[in-house]
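# below is the sequence, then the predicted model.
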Amino acid sequence: MATERKEIKQPKPLPAPNADFYEFAADLPAEELAIINRVREYMETKVQPIINKYWVEDSFPFELLPSFKELGIAGSGIDGYGCPGGSPLLVGLMAMEIARTDTSFATFFGVHSGLAMGSIYLNGTEEQKQKWLPPMARMEKIGCFGLTEPLVGSGTAGGMTTTAKREGDTWILNGQKRWIGNAPWCDISIIWARDVADNQVKGFIVENKTTPGFSVEKMQNKIALKVVQNGQITMDNCRVPDANRLAGATGTFRDAAHVLRGTRHLSAWEITGTQMGAYENALKYAQERLQFGKPIGSFQLIQELLAKMLGNIVACQCMIARTVQLEAEGKLSDAHAALAKAFCTSKARETVSWARESMGGNGILVDYNVARHFADAEAIYSYEGTYQMQTLIIGKAITGFSAFV
Ligand SMILES: Cc1cc2nc3c(=O)[nH]c(=O)nc-3n(C[C@H](O)[C@H](O)[C@H](O)COP(=O)(O)OP(=O)(O)OC[C@H]3O[C@@H](n4cnc5c(N)ncnc54)[C@H](O)[C@@H]3O)c2cc1C
């Protein structure tokens with residue numbers, strides 16, 4: 001009698017969640033890919049395990065700063081001045097990778113490396129770059145960027161109320177700034193103020209910890225990007241030497257706009273990372289969570305949500321892949337950056353809400369790593385120029401008519 005050999009069928013291993021569906025990072029040269037992999041490992045092993053606790057507590061994980069500095073990535077994209085350099089694609093992928101784990105951490109880094117260091121790099125004199133960029137690249141000095149005011153947000157170009165008055169070799173700054181990321185604890189504030197003599201907006205490097213009259217109140221009760229410490233700055237006759245005025249560019253609002261063009265574009269990368277994090281966590285949950293005796297990921301309606309999320313993510317990745325090419329060719333315009341920011345942030349609101357929805361009740365619990373992305377996407381939709389402001393920039397470029405009021 002023939003003996004029957006029954007094979008025990010092992011369940012097929014499930015695909016690991018991977019939001020890089022079109023193998024986006026594969027275009028990087030090996031040495032840049034190694035940097036991205038190092039950043040990813042850092043975010044997954046050091047940041048992910050503790051970030052929900054800090055997010056809930058509204059506090060910044062200072063315990064991470066010594067190890068984060070070791071990555072040596074501050075000032076990426078800037079050549080010289082102790083900065084690591086790197087291609088626009090590398091800089092974008094880095095922002096995306098950090099936000100994939102935590103959008104607050106990406107914002108803290110973006111404010112320091114993009115907005116503050118970028119202001120000095122693009123608008124500073126040679127001496128200012130030599131003096132300030134190396135310690136900022138080593139993250140011995142952390143920076144912030146003070147443009148928005150309590151009464152003037154979208155309208156800062158024409159309506160800025162903070163004033164700068166020159167007295168000999170000194171400038172006297174008066175006014176308030178609101179929403180300023182990193183301000184409650186950083187060392188260097190880039191402050192934009194209106195010169196009372198020529199009515200133009202100029203940038204100043206303020207050593208905020210040692211400048212009398214400079215005070216910061218931490219903003220409380222945010223529901224998004226809770227790890228980033230935002231501050232309301234008050235300047236009461238702050239005296240800043242003329243050597244600290246960003247004098248390497250036009251001395252007008254165009255200097256701030258120049259910085260924002262690059263960082264808006266980076267916000268599009270960040271928000272794409274936010275979507276990737278939400279999608280990957282939702283997919284993992286769908287593979288594990290059982291209802292009616294089956295993984296919810298086997299239900300058609302859940303698969304539809306996941307496929308729609310991935311479609312949004314890939315659309316954003318393809319768009320920003322092109323914008324970095326334009327940037328590398330020196331062709332990235334304000335309207336190009338505005339379209340990337342407007343499109344990616346509006347798609348992100350869909351993606352994170354589908355991720356949340358696909359997880360049922362657990363989608364609103366921070367512990368499941370989607371609720372944080374869900375909330376944080378709201379802030380990016382509005383910061384560095386709201387969706388409406390980006391739309392007006394695009395509208396003006398394509399129609400030839402300015403609809404700004
Ligand atoms: C988490 C977070 C971090 C931030 N970090 C910084 C920072 O580090 N440094 C900094 O300087 N700023 C920062 N900001 C400020 C941010 O850039 C502003 O919130 C943003 O520019 C919008 O300004 P507002 O909030 O004053 O809104 P408002 O300008 O008051 O706008 C309110 C609404 O009106 C709409 N609106 C305004 N004008 C028009 C118009 N002409 N046509 C149509 N719609 C219009 C807007 O789109 C928006 O929907 C941050 C903000 C947030 C939320």
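Everything's here; your move. Numbering: from 1, shown residues only.

# count of neighbours near the residue of the chain found nearest the ligand?
The minimum distance from the chain to the ligand, using CB to the nearest ligand atom, falls at residue 153 (1.7 Å). Just so you know, the C-beta spots here come from the backbone N, C-alpha and C atoms, and that holds for glycine as well. Using other CB atoms under 10 Å, residue 153 has 17 neighbouring residues.

# repeat for residue 299
15.

# which positions in the stretch 251-400 of the chain make contact with the ligand?
Residues of the stretch 251-400 of the chain found near the ligand (CB under 6 Å from any ligand atom) are 379, 382-386, 388-389.

# now the buried members of the residues you listed.
Using 16 or more other CB atoms under 10 Å as the burial test, these include 379, 382-386, 389 as buried.

# just send the residues you listed back as a markdown table, with pLDDT too.
As requested, these are exported to a markdown table (pLDDT from 0 to 100):
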| residue | pLDDT |
| --- | --- |
| 379 | 98 |
| 382 | 97 |
| 383 | 95 |
| 384 | 92 |
| 385 | 94 |
| 386 | 97 |
| 389 | 96 |
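
# just those residues: which are in helices?
Counting by DSSP state H, these place 379, 382, 389 in helices.

# distance of residue 329 from residue 29?
Distance of residue 329 to residue 29, given as CB to CB, to the nearest Å: 18 Å.

# make that residue 250, sorry
According to CB to CB, residue 250 stands 35 Å off from residue 29.

# out of these two, which sits in the busier spot?
Taking other CB under 10 Å, residue 250 and residue 29 do not tie; residue 250 has more neighbours (13 against 10).

# mind checking the SS state of the more buried one?
Following DSSP: H, G, I helix; E, B strand; the rest coil, the label given to residue 250 is coil.

# pLDDT score for it?
At residue 250, the pLDDT value in this model is 95.

# one more: residue 4?
At residue 4, the pLDDT recorded in the model is 59.

# same deal with residue 40?
As predicted, residue 40 sits at a pLDDT of 97.

# doesn't it belong to a helix?
Yes: the assignment for residue 40 by three-state DSSP puts it in a helix.

# how near is it to residue 276?
11 Å.

# out of the two, which sits in the busier spot?
Legend: neighbour count by other CB under 10 Å for residue 40 and residue 276, higher for residue 276 (27 against 17).

# any idea how far that one is from residue 369?
As judged by CB to CB, residue 276 and residue 369 stand 12 Å apart.

# what's the answer for residue 325, then?
32 Å.

# higher neighbour count, these two?
Ranked by neighbour count (other CB under 10 Å), residue 325 and residue 369 place residue 369 first, with 22 against 13.

# excluding its backbone neighbours, what's nearest the more buried one?
Closest residue in space to residue 369, ignoring its immediate chain neighbours: residue 281 at 4.3 Å, by CB to CB, 6 or more residues apart in numbering.

# run a quick neighbour tally on the one you found.
Using other CB under 10 Å, residue 281 is surrounded by 21 other residues.

# and the longest helix for the protein?
Ranked by residue count and defined by DSSP H, the top helix of the chain is helix 253-288.

# need the contact list for residue 76.
83-86, 90-91, 94, 113 (CB atoms under 8 Å, 6 or more residues apart in numbering).

# now do 6 Å
By CB atoms under 6 Å, 6 or more residues apart in numbering, the contact set of residue 76 is 84, 86, 91, 94.

# before we move on, the earlier item: now, among the residues of the stretch 251-400 of the chain next to the ligand, which is nearest to residue 103?
Of all those, residue 379 has the smallest distance to residue 103: 7.8 Å, by CB to CB.
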